[in-house]
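1. Sequence plus the predicted model coming up.
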Amino acid sequence: MNEVNLKPNERIDDLQLKGLKIIQNPKWFCFGMDAVLLANYCDIKPNSTVVDLGTGTGIIPLIIWGKNKVKKIYGIEIQQEVAEMAQRTVKMNKIVEYIEILNIDLRNALETLGVNKYDVVTSNPPYKIVGAGKINPEDKKAISRHEIMCTLEDVIRVASRLLKHNGRFFLVHRPDRIVDIMCLLRKYKLEPKAIRFVHPKVGKKPNLVLIKSIKAAKPELKFQDPLYVYNDDGTYTDEIYEIYGMEK
């Protein structure tokens with residue numbers, strides 16, 4: 001691994017996956033379980049080209065590269081400091097030929113990346129609609145959580161344009177946005193094919209939803225078994241241990 005100069009408040013975390021490490025800044029926004037679940041939810045064919053919209057620290061490209069034989073992954077991140085941090089992570093791991101972090105507005109991504117070219121698009125976008133209250137546009141945590149720099153429709157529209165015919169779009173979001181998600185997917189010719197709800201534990205309502213859609217596919221939506229994060233005693237379930245590659 002290359003030597004890396006950390007900036008104030010930064011740290012290096014071990015992903016426990018093929019020796020990969022990631023630079024994070026807790027004062028900004030560290031990746032969460034939703035990103036890890038999405039990266040593991042993707043079923044990606046060998047030699048695929050992938051675009052991750054709103055890549056943040058670059059966690060989704062890192063996990064996808066670590067678990068799949070991909071040709072190239074592009075991570076799109078509008079925040080300059082966050083994108084630069086992700087770029088240093090890629091260099092530190094010596095995988096610049098496989099992962100490229102682009103500091104651009106995802107709404108303009110087609111100008112850089114082209115259209116109808118990619119096998120897979122992924123996104124863990126901001127979940128919250130911006131309300132009447134003021135949000136500091138320089139607040140990186142707010143940008144990660146609220147639709148300040150892009151909307152759900154922006155993400156889905158761009159994903160559709162990037163994908164080849166029959167390309168796959170994988171999204172993680174909140175269940176309370178599911179009507180918006182389904183309407184927008186259909187609007188932009190991304191047919192929902194599989195959905196999986198994530199529950200904190202058995203008996204609790206879901207707090208995340210994972211959705212797979214395919215461009216220009218025929219209608220047929222499959223509901224997958226729910227994913228439970230915790231057992232009743234507060235320990236992780238077997239599936240979460242497996243996803244994280246942890247030992248009990």
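-> Perfect, I can see it now.

2. the longest helix in this protein is where?
-> helix 80-92 (DSSP state H).

3. Quick check: what element follows the lowest-mean-pLDDT helix or strand in the chain along the chain?
-> Within the chain, no helix or strand scores below helix 140-145, which has a mean of 48 by mean pLDDT, DSSP states H and E. Scanning forward in sequence from helix 140-145 by DSSP states H and E, the next helix or strand is helix 152-162.

4. Tell me which residues of that following helix come out buried.
-> Neighbour counts over helix 152-162 (16 or more other C-beta atoms under 10 Å) mark L152, D154, V155, I156, R157, V158, A159, S160, R161, L162 as buried. Yep, even glycine has a C-beta here, placed from its N, CA and C like the rest.

5. Make JSON lines out of those and add pLDDT.
-> Output for those, formatted as JSON lines (pLDDT from 0 to 100):
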{"residue": "L152", "pLDDT": "93"}
{"residue": "D154", "pLDDT": "94"}
{"residue": "V155", "pLDDT": "96"}
{"residue": "I156", "pLDDT": "97"}
{"residue": "R157", "pLDDT": "97"}
{"residue": "V158", "pLDDT": "97"}
{"residue": "A159", "pLDDT": "98"}
{"residue": "S160", "pLDDT": "98"}
{"residue": "R161", "pLDDT": "98"}
{"residue": "L162", "pLDDT": "98"}
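
6. is it possible to export those to a markdown table including distance to N231?
-> Compiled in a markdown table, the buried residues of helix 152-162 are given as follows (distance: C-beta to C-beta, whole Å):
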| residue | distance to N231 |
| --- | --- |
| L152 | 33 |
| D154 | 38 |
| V155 | 33 |
| I156 | 35 |
| R157 | 40 |
| V158 | 39 |
| A159 | 35 |
| S160 | 39 |
| R161 | 42 |
| L162 | 39 |
